[in-house]
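J.: Sharing a model prediction with you, sequence too.
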Amino acid sequence: MRILVIEGEPALRDYLKQGLEGNGYAVDVARDGAEGRLLAAEGRHALVLLDVMSPGADGFAVLQAIRRSSSLPVLVLTARDRVAHRVSGLRLGADDYLVKPFSFSELLARVQALLRRGKRPASNLLRLADLELDLASRSCARGQADIELTAKEFALLAVLLRHRGEVLSRAALSAQVWEDKLGSDTNVIEVAIRRLRAKIDEPFPVKLLHTVRGQGYVLEDRS
């Protein structure tokens, strides 16, 4: 199994890499949050160890980015021991939390527990009718047809599938897919929805992606 370590402290980063490799894991390392976010998006890892204080990008923003497109287990590492800080991380999608300093034996036990939990293949699949999104392989298919998606289309569809049957506003999509970086007068969301609909709906008789006038968009089977 391959583990991604996102850790800003060189000594700890090397310590984790050596220790995990010594226990039979393949390890990729990222020196900061920005690099870690790119590596996590590749979909090659079974688990992420994320130092939320890593430089380059806010650690919680990296966590949110991972969670938007993947059910990949994330073990958060931090020097902060405040309850509110831990709660924030868990609410944003962390699977476990470990406060520095920690023993390697405890970290290894938590890693093993998360990997056992993550072996359930269904957790990597999001489905609606004959539409399927595989978060592990980052692939999409409808029926027997494979569908090629851009990274942003993949993230958008993952959010819609996780909230299938719920109407999501432009503001909600902006927050979860574009991190609230879109201005109020942009048509980026409309363009993205149009392109996604052209791929997952137009070639098929049953339409799944619907516009709810004045409210937003919903992915549901109305057949």
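T.: Structure received.

J.: so who does Glu9 touch?
T.: Asp51 (CB atoms under 8 Å, 6 or more residues apart in numbering). All C-beta spots, glycine's among them, are computed from the backbone N, C-alpha and C.

J.: Tell me, what's the model's pLDDT at it?
T.: In this model, Glu9 is scored at 91, pLDDT.

J.: Tell me the spacing between it and Ala151.
T.: 29 Å (CB to CB, to the nearest Å).

J.: ok so Tyr5 is a strand residue?
T.: No Tyr there; residue 5 is Val. Yes: under DSSP: H, G, I helix; E, B strand; the rest coil, Val5 sits within a strand.

J.: Surely it and Val29 touch.
T.: Yes: with contact defined as CB atoms under 8 Å, Val5 reaches Val29; the gap is 4.8 Å.

J.: so what sits against both of those two?
T.: 13, 16-17.

J.: after the worst-scoring helix or strand of the chain on mean pLDDT comes which helix or strand?
T.: Least confident element among the helices and strands of the chain, by mean pLDDT, DSSP states H and E: helix 83-91 (a mean of 69). Using DSSP states H and E, the helix or strand that follows helix 83-91 towards the C-terminus is strand 96-99.

J.: Put the alpha carbons of the helix or strand just after that next one into PDB.
T.: Next in sequence after strand 96-99, counting helices and strands by DSSP H and E, comes helix 104-117. Extracted in PDB, the C-alpha atoms of helix 104-117 (Å, rounded to 0.1, in the frame of the first residue of the first chain):
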ATOM      1  CA  PHE A 104       5.600   5.900  16.200                       C
ATOM      2  CA  SER A 105       3.900   2.700  17.500                       C
ATOM      3  CA  GLU A 106       0.700   4.700  18.100                       C
ATOM      4  CA  LEU A 107       0.800   6.300  14.700                       C
ATOM      5  CA  LEU A 108       1.400   2.900  13.100                       C
ATOM      6  CA  ALA A 109      -1.600   1.400  15.000                       C
ATOM      7  CA  ARG A 110      -3.800   4.200  13.700                       C
ATOM      8  CA  VAL A 111      -2.500   3.800  10.200                       C
ATOM      9  CA  GLN A 112      -3.300   0.100  10.200                       C
ATOM     10  CA  ALA A 113      -6.700   0.700  11.600                       C
ATOM     11  CA  LEU A 114      -7.600   3.300   9.000                       C
ATOM     12  CA  LEU A 115      -6.300   1.000   6.200                       C
ATOM     13  CA  ARG A 116      -8.400  -1.900   7.400                       C
ATOM     14  CA  ARG A 117     -11.400   0.400   7.400                       C
END
